[in-house]
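Undergrad: What follows is a predicted protein model with its sequence.
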Amino acid sequence: MKILHTADWHLGKSLNQFSLLADQEAALDQLLALAATERPDVVVLAGDIYDRAVPPAEAVALFHRTVNRLVMDLNIPLMAIAGNHDNAERIHYGAQLFERQGFYVSGYFTYPLQPIVLTDAYGPVYFYLFPYTEPEMLRAELRRLARNDAPAQDSLPPDGPENQGADWPPSIQTHEEVFRWVVAQIQAQRQPTDRVVLVGHAFVQGGAPSDSERKLLVGGAEFIAPAVFGPLTYTALGHLHQPQHFNEGRVRYAGSLLKYSTSEAKHQKSFTIIALDGRWQPGKSTWCPSATCGWSGARCARGNLPWPATSHPSSPTIICLSN
Ligand SMILES: [Mn+2]
């Protein structure tokens, strides 16, 4: 099973009122070219599709074109989740309809968690899409389910509301507790040798942040210990904009599509290709530099600055003033 992992597209983002849309389109052209050559079984987009809850129409049109080219023209499924910059309901629009064509999109989680199953020569791989979910959102939804809207008896996992008595729903205060709950749900559904991939949007403890990420919670409690994801075959994450990995590469950030702040000037943006063989652990992973290698992107110039800045019209230069 070959997985092309990408994240944090932030379509429609502007830097100092300068639209990055043309550069985003060029980078997505590179992604589509890579997909056409590599023929992954699935492309995974781990949140922050757009830069804000109500993206510009041109950004929505770019996403529309990209999904069409990948899913309809290249016939490669896409699995996408909402990140903390996205609006859950808007991202979730059309989810059940699009699924029939191979575009799996999840703006908000639904209970019980249900995997998307893709099969290769070694058998099934279970993909769990868990969009960005605040601890309070998860608590509220679990309370609602416990109160009066529990799903049908035969679809309840072993730790469902009817078996938990007064302790259910569990107390969930932090992002780590959210993902402990998610992984426990998955563990209750799977066989130990099943290959399981989780797609999420979260801040793993020890990860290197950038200036273009919005904090998940004010006052801490946003960090998740990498060990939480230990039982899973692969965790495809979004949120941190620098490509990086944990747990021997089994927990990974693909990084953002472009450099979105001066703190990312030295990043080399990329797409990640993960190959799963028959074992529960991932096989080789390939790091594919994206279009941004040849693109100046956000860069930080110091010293005697040329003025006016001479750069490609669609490549902004951020000028850092220092004394
Ligand atoms: Mn992001």
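TA: Yep, that arrived.

Undergrad: my read: residue 232 touches residue 194, true?
TA: No - between residue 232 and residue 194 no contact is recorded; they are 10.0 Å apart, counting by CB atoms under 8 Å. Backbone N, C-alpha and C define where each C-beta goes, glycine included.

Undergrad: Who has more neighbours out of those two?
TA: residue 232 (23 against 16; other CB atoms under 10 Å).

Undergrad: Which positions in the stretch 151-300 of the chain make contact with the ion?
TA: The stretch 151-300 of the chain has no residues near the ion, with proximity defined as CB under 5 Å from the ion.

Undergrad: so where's the stretch 151-300 of the chain shaky on pLDDT?
TA: The stretch 151-300 of the chain contains residues with pLDDT under 70 at 151-170, 218-220, 279-300.

Undergrad: quick one: the strands in it?
TA: With strands called from DSSP state E, counting those that start in this stretch, the stretch 151-300 of the chain shows them at 195-201, 203-204, 223-224, 234-238, 244-246, 251-253, 270-276, 282-289, 300-301.

Undergrad: Rebuild those strands as a markdown table, extending it with mean neighbour count.
TA: Formatted as a markdown table, the strands of the stretch 151-300 of the chain follow (neighbours: other CB atoms under 10 Å):
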| stretch | mean neighbour count |
| --- | --- |
| strand 195-201 | 26 |
| strand 203-204 | 24 |
| strand 223-224 | 20 |
| strand 234-238 | 29 |
| strand 244-246 | 19 |
| strand 251-253 | 25 |
| strand 270-276 | 21 |
| strand 282-289 | 14 |
| strand 300-301 | 16 |
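
Undergrad: For these, give me TSV that also has distance to residue 106.
TA: What follows is the strands of the stretch 151-300 of the chain, written out as TSV (distance: least, CB to CB, whole Å):
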stretch	distance to residue 106
strand 195-201	8
strand 203-204	19
strand 223-224	19
strand 234-238	13
strand 244-246	23
strand 251-253	19
strand 270-276	20
strand 282-289	22
strand 300-301	36
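
Undergrad: Among these, single out whichever gets nearest to residue 59.
TA: With CB to CB as the measure, strand 234-238 is the member of these nearest residue 59 (16.8 Å).

Undergrad: So which elements touch the closest one?
TA: Counting contacts by 3 or more CB pairs under 8 Å, 6 or more residues apart in numbering; DSSP states H and E, strand 234-238 packs against strand 2-6, strand 195-201, strand 251-253, strand 270-276.

Undergrad: Need those in JSON lines (columns: distance to residue 181).
TA: Shown next, in JSON lines, are these (distance: least, CB to CB, whole Å):
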{"stretch": "strand 2-6", "distance to residue 181": "23"}
{"stretch": "strand 195-201", "distance to residue 181": "12"}
{"stretch": "strand 251-253", "distance to residue 181": "17"}
{"stretch": "strand 270-276", "distance to residue 181": "25"}
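
Undergrad: How about residue 275: which residues does it bridge to?
TA: Assessed by DSSP bridges, residue 275 has beta-bridge partners residue 2.

Undergrad: In this structure it contacts residue 1, no?
TA: Yes - counting by CB under 8 Å, residue 1 is a contact partner of residue 275 at 7.1 Å.

Undergrad: would you list every one of the helices in the chain?
TA: Using DSSP state H, the helices of the chain run over 21-38, 57-67, 88-92, 95-99, 135-147, 175-189.

Undergrad: Least confident of the ones you listed, on average?
TA: Lowest mean pLDDT within those: helix 135-147, a mean of 85.

Undergrad: ok now it, how far from the chain's centre?
TA: The gap between the average C-alpha position of helix 135-147 and the chain average comes to 23 Å, counting by CA atoms, centre = their mean, to the nearest Å.

Undergrad: Now do the buried residues in it.
TA: Buried residues in helix 135-147, defined by neighbour count with 16 or more other CB atoms under 10 Å: 135, 137-139, 141-142, 145.

Undergrad: export the residues you listed to a markdown table and tack on distance to the ion?
TA: Formatted as a markdown table, the buried residues of helix 135-147 follow (distance: CB to the ion, whole Å):
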| residue | distance to the ion |
| --- | --- |
| 135 | 19 |
| 137 | 18 |
| 138 | 20 |
| 139 | 24 |
| 141 | 23 |
| 142 | 26 |
| 145 | 29 |
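
Undergrad: Run through the bridge partners of residue 118.
TA: Where residue 118 sits in a bridge, its partners, by DSSP bridges, are residue 125.

Undergrad: Isn't it up against residue 127?
TA: Yes - counting by CB under 8 Å, residue 118 touches residue 127, with 6.7 Å between them.

Undergrad: These two - which one has more neighbours?
TA: The neighbour count for residue 118 versus residue 127, taken as other CB under 10 Å, is higher for residue 127 (23 against 18).

Undergrad: Who are the contact partners of that one?
TA: Residue 127 makes contact with 42, 44, 79, 104, 115-118, 197, 199 under the criterion CB atoms under 8 Å, 6 or more residues apart in numbering.

Undergrad: still on that earlier bit, mutual contacts of residue 118 and residue 127, please.
TA: When contacts are counted by CB under 8 Å, 6+ apart, residue 118 and residue 127 are jointly contacted by residue 42.
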